[in-house]
Structure formats: structure tokens, C-alpha cells
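# Sequence first, predicted coordinates after that:
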Protein chains: 2
Amino acid sequence: MEQSKQEILEADGWKIGTVADFLDLTPEESALIEIKLALSQNLRVRREKQMTQAELAKKIQSSQPRIAKAEGGDQSVSLDLLMRAMLATGATPKEIGKVIANVELI
Amino acid sequence: MEQSKQEILEADGWKIGTVADFLDLTPEESALIEIKLALSQNLRVRREKQMTQAELAKKIQSSQPRIAKAEGGDQSVSLDLLMRAMLATGATPKEIGKVIANVELI
DNA sequence: TGTTCTCATATCAAAAATGATATAAAATTC
DNA sequence: GAATTTTATATCATTTTTGATATGAGAACA
């Protein structure tokens, strides 16, 4: 489970090559990554129930490839874009807060 | 109360000139601003109890002026920087989630 | 099988955000 | 009330993030 999580992070370009590198992250750095991943995963679930990536992109003046990156947990996607996307799926601050609050510290 | 909130937003460079303009924001745009403001205000409270802006800046490889902007709710500060700063004050995902969850929709 | 729809990946110029620096203003301490 | 510390504001070159575009991969379905 931890292994697969690391694989996901590596594939998405996070600065993690080995488990040692992973452990070199400060708790704060890890927490930020976890928060972003939680949001991106939640975004995909919410979006899939309602629309295509292209439709969501249009709603927030973005592009389909960028939504794909957001949902894929890509490193190049900011929290701001994730938040805009979440809100565009109808997520309320309460719901978003819950997603973040449920992030487990490593 | 609403008036003063608008004044704050204007002073910080948000694209809000009049109440009409303010009402032109989509609910999603408003929510994003509210979330950022809630975080910046909470950041100031947390940081003041523990350290100076310069000290916090050093912790996250930022600069004192940027922390000032973050706490001041400046438009040019990303959610990512706000989040990094919050985490550096020891805020947990649970606490951060609570701050966001408590944001009232307009 | 071929067509259509949806999502993923790559590239890139433009825009936004960044840290650094200088310095002013304000608050705190002496 | 002077000195010191802390915070705010302004500018700027660099980096990061962005939307756009092109295109590939895959699934769904005819």
C-alpha cells in the first residue's frame, strides 16, 4: 500500500526516487503532497459523476489536458487549480474541508 | 460588516471595484476568495503566537515580505504558499480542513 | 472493423507567482 | 523619545503554473 502510493508519486513527477528520498521529505512537505492527492482523487470521483473532463475544463476556463493532470495528481498542478475544479463540481467549503481534514499524516 | 470585507478585498487588489462587481463574481469565485481569506487570517493568528514573519519565512524558504502578503490576504499569494505556511506553523490537515469547512458561502 | 467519444501525454509561449532586495512604516523595548 | 525589532510596501528577474494545441491511447459502440 505504501509501495503503490510511492509508485503513484514517482509516476507523477514528484521529487521522490527512492524510499529514502521519500523519508527525506519533511512532515510538512509530505502533508502538502497528501492534501493535493486527496483533492485530486476526490475531484475525479466527483467529476466523473457529472461531466467529462472537457466540460469541467470549460467551466473554469481551463483545458481538458489540465483537468487530466489535476485528477492524475500531477506535480505541476497548483492547489488553486484543484480548488477551482472542486468548486466547479459543486463541492462546498464544508465538503472540501472534510477531504483535507481526513488526510492522514505520515 | 460586508462593507468592511469589501474594503479589505479592494485594498488587497482583488478584482472588485464596486458592490456590483462583487456580485458579478460567480459563487465559485467568491468561495475561493473566502477560503483564501480564511486561511490567511488563521495563519496570522497561529504565526503570531509562535514566531516572527521572518522566522516563518525561513522555515519554508520564503521571504518575510511574502509572509506579510500571505497574512494580508494579498491576491498574488497562492493557496500553495498559504498551505505551506499553515503547515509550517504546525497546523494539521484536520485543523486546516476545519478552517476551510467553516467558510460561509455568500 | 471502423467510428466516435473520452482521457492521457507532450510541447510551448504567456501569464502568474515566487524569493530577493531595498526601504518605509509601525510597533516594541529600553 | 531614541533605538531596536517587526511588519508593510515596492520593484524585479527568475521560476512555476497556466491554457492552448496537437496527438496518441483506449474504450464503447455501431
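Cool, the structure landed. Numbering: from 1, shown residues only, chains lettered A, B, ... in the order given.

# Let me see the mean pLDDT of stretch A:56-73.
Taken as a whole, stretch A:56-73 carries a mean pLDDT of 97.

# What are the buried residues along it?
A:56, A:57, A:59, A:60, A:62, A:66, A:67, A:69, A:70, A:71, A:73 (16 or more other C-beta atoms under 10 Å in any protein chain shown). For every residue, glycine as well, the C-beta is placed using N, CA and C.

# Tell me if stretch A:69-77 is near chain B.
No - in terms of C-beta under 8 Å from any C-beta of the partner chain, no part of stretch A:69-77 sits within range of chain B; the closest distance is 10.0 Å.

# Span of that stretch from start to end?
Stretch A:69-77 has its terminal residues 7 Å apart, counting by C-alpha to C-alpha, to the nearest Å.

# One more: stretch A:55-73?
Terminal-residue distance, stretch A:55-73 (C-alpha to C-alpha): 19 Å.

# residues making contact with that stretch?
With C-beta atoms under 8 Å, 6 or more residues apart in numbering or on different chains as the test, stretch A:55-73 has contacts from A:8-9, A:12, A:36-37, A:40-41, A:43-44, A:47, A:52-54, A:76-77, A:81-82, A:84-85, A:88-89, B:28.

# Next: stretch A:26-38.
With C-beta under 8 Å, 6+ apart as the criterion, stretch A:26-38 contacts A:8-9, A:14, A:25, A:73, A:77, A:79, A:82, A:99-100, A:102-106, B:60, B:80, B:83-84, B:87-88, B:92-93, B:96.

# Show the contacting residues for residue A:98.
B:97, B:101.

# roughly how far out does stretch A:61-70 sit from the chain middle?
Distance, stretch centre to chain centre, for stretch A:61-70: 12 Å (C-alpha atoms, centre = their mean, to the nearest Å).

# orientation of the host helix or strand of residue A:83 relative to helix B:79-88 in degrees?
Applying DSSP states H and E as the criterion places residue A:83 in helix A:79-88. For helix A:79-88 against helix B:79-88, the angle by axes from the mean of the first three to the mean of the last three C-alpha atoms, to 10 degrees is 100 degrees.

# Flag the shaky bits of chain A, pLDDT-wise.
Per-residue confidence for chain A (pLDDT under 70) gives these ranges: A:1-23, A:106.

# Taking the centroid of it, which residue is nearest it?
residue A:40 (2.7 Å; C-alpha atoms, centre = their mean).

# What distance do you get for that residue to residue B:87?
Residue A:40 sits 18 Å away from residue B:87, going by C-beta to C-beta, to the nearest Å.

# quick revisit: so which of the contacts of stretch A:55-73 belong to helices?
If you go by DSSP state H, the contacts of stretch A:55-73 have A:8-9, A:36-37, A:40-41, A:43-44, A:47, A:53-54, A:81-82, A:84-85, A:88, B:28 in helices.

# how much space between residue A:24 and residue B:32?
33 Å.

# quick revisit: DNA strand C next: which of the contacts of stretch A:55-73 are close?
A:52, A:53, A:54 (C-beta under 7 Å from any atom of the strand).
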